[in-house]
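K.L.:
structure of the sequence below:
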Amino acid sequence: MNADRAEQGVEAVSRLSVVIADDHPVVRAGLRALLSRDESFEIVAESSTVPETAQAVAKEQPSVLVLDLTMAGRSSLPTIPDLLEASPGTRILILTMQEDPAFARAALRTGAAGYLLKEAAAEELVGAARQVARGAIYLQPAMGARLAIADAGAPGADGGASLTARELRVLSLLALGHTNQEVARRLYVSVRTVETHRARIRDKLGTETRAELIAAARERGLLG
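P.N.:
Residues are numbered from 1 along each chain as shown. This is a model prediction of the structure:
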């Protein structure tokens with residue numbers, strides 16, 4: 001009996017905690033039902049907005065965050081670095097309807113561990129969640145093919161130079177209209193650091209005007 005209880009305790013400890021973030025209640029209910037059928041997962045929280053997701057992740061420190069790209073009209077991509085900073089052990093699996101390879105590239109570049117379309121089979125979602133929880137990167141095969149084709153047709157989605165996760169964050173904030181001083185306050189860095197990031201973004205993407213910044217951010221899925 002004691003051995004059985006000990007074994008059950010080990011199993012309980014080894015379960016993977018999951019936060020589900022999607023602004024559609026029916027989708028969340030479906031994901032909860034699907035993942036709950038697998039004994040290796042434990043759903044610890046749900047959220048329907050970007051701020052709610054940030055709070056849930058900071059509180060629960062989940063093993064996996066299943067994250068929609070857009071919730072309540074707001075892109076979740078710019079918050080990925082902040083989510084990972086609040087919970088370094090969390091692995092983020094994007095589950096979305098966005099088929100554009102640019103979104104997958106931006107998500108992985110900002111720190112997501114997986115990218116899966118909502119059209120995927122239930123078994124693939126479960127498998128993807130397990131893989132990212134183990135530390136692997138998961139990219140849906142169909143999306144991987146699209147990325148390969150896009151890269152072959154246009155080497156380097158950023159004009160031959162990749163933006164870092166921090167540069168993507170700065171780009172998104174600037175495109176939303178924030179000044180260098182406001183970006184510095186939000187990211188807890190100096191204005192000089194923001195100016196340096198902005199100069200690098202300009203050099204990599206050739207952006208000068210606010211309109212060009214907005215266009216560059218939208219191409220990368222950083223704006224809702």
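K.L.:
which helix or which strand is home to Gly135?
P.N.:
Gly135 belongs to no helix or strand when assigned by DSSP states H and E.
K.L.:
neighbours of it, how many?
P.N.:
Other residues near Gly135 come to 8 when the count uses other Cβ atoms under 10 Å. Where C-beta positions appear, they are placed from N, C-alpha and C, glycine not excepted.
K.L.:
could you say what helices and strands the helix ranked longest in the chain packs with?
P.N.:
Secondary structure assigned by DSSP state H gives helix 191-205 as the longest helix of the chain. On a contact count with 3 or more Cβ pairs under 8 Å, 6 or more residues apart in numbering; DSSP states H and E, helix 191-205 meets helix 165-175, helix 180-187, helix 210-219.
K.L.:
got a list of what Ser40 touches?
P.N.:
14-16, 130 (Cβ atoms under 8 Å, 6 or more residues apart in numbering).
K.L.:
can you rerun that using 10 Å?
P.N.:
Ser40 makes contacts with 11, 14-16, 18, 63, 126, 129-130, 133, as judged by Cβ atoms under 10 Å, 6 or more residues apart in numbering.
K.L.:
want to throw the residues you listed into CSV with secondary structure and distance to Thr207?
P.N.:
Output for the contacts of Ser40, formatted as CSV (DSSP: H, G, I helix; E, B strand; the rest coil; distance: Cβ to Cβ, whole Å):
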residue, secondary structure, distance to Thr207
Glu11, helix, 52
Ser14, helix, 47
Arg15, coil, 45
Leu16, strand, 40
Val18, strand, 38
Ser63, coil, 37
Val126, helix, 41
Ala129, helix, 36
Arg130, helix, 40
Ala133, helix, 37
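K.L.:
any idea of the angle the longest helix of the chain forms with helix 210-219?
P.N.:
What separates the directions of helix 191-205 and helix 210-219 is an angle of 70 degrees, with axes from the mean of the first three to the mean of the last three Cα atoms, to 10 degrees.
K.L.:
contact partners of helix 191-205?
P.N.:
156, 158-164, 166-171, 173-174, 178-187, 189-190, 207-208, 212-213, 215-217, 219-220.
K.L.:
what's around the nearest residue to Ala217 once chain neighbours are set aside, how many residues?
P.N.:
In this structure, Ala217 finds its nearest non-sequential neighbour in Ala175, 3.6 Å apart by Cβ to Cβ, 6 or more residues apart in numbering. Ala175 has 22 neighbours, counted by other Cβ under 10 Å.
K.L.:
any idea how far Leu222 is from Ala175?
P.N.:
7 Å (Cβ to Cβ, to the nearest Å).
K.L.:
need the overlap of contacts for those two.
P.N.:
Both Ala175 and Leu222 are in contact with 78, 214, 216, where contact means Cβ under 10 Å, 6+ apart.
K.L.:
what's around Leu67, how many residues?
P.N.:
Burial of Leu67 is recorded as 27 neighbouring residues (other Cβ under 10 Å).
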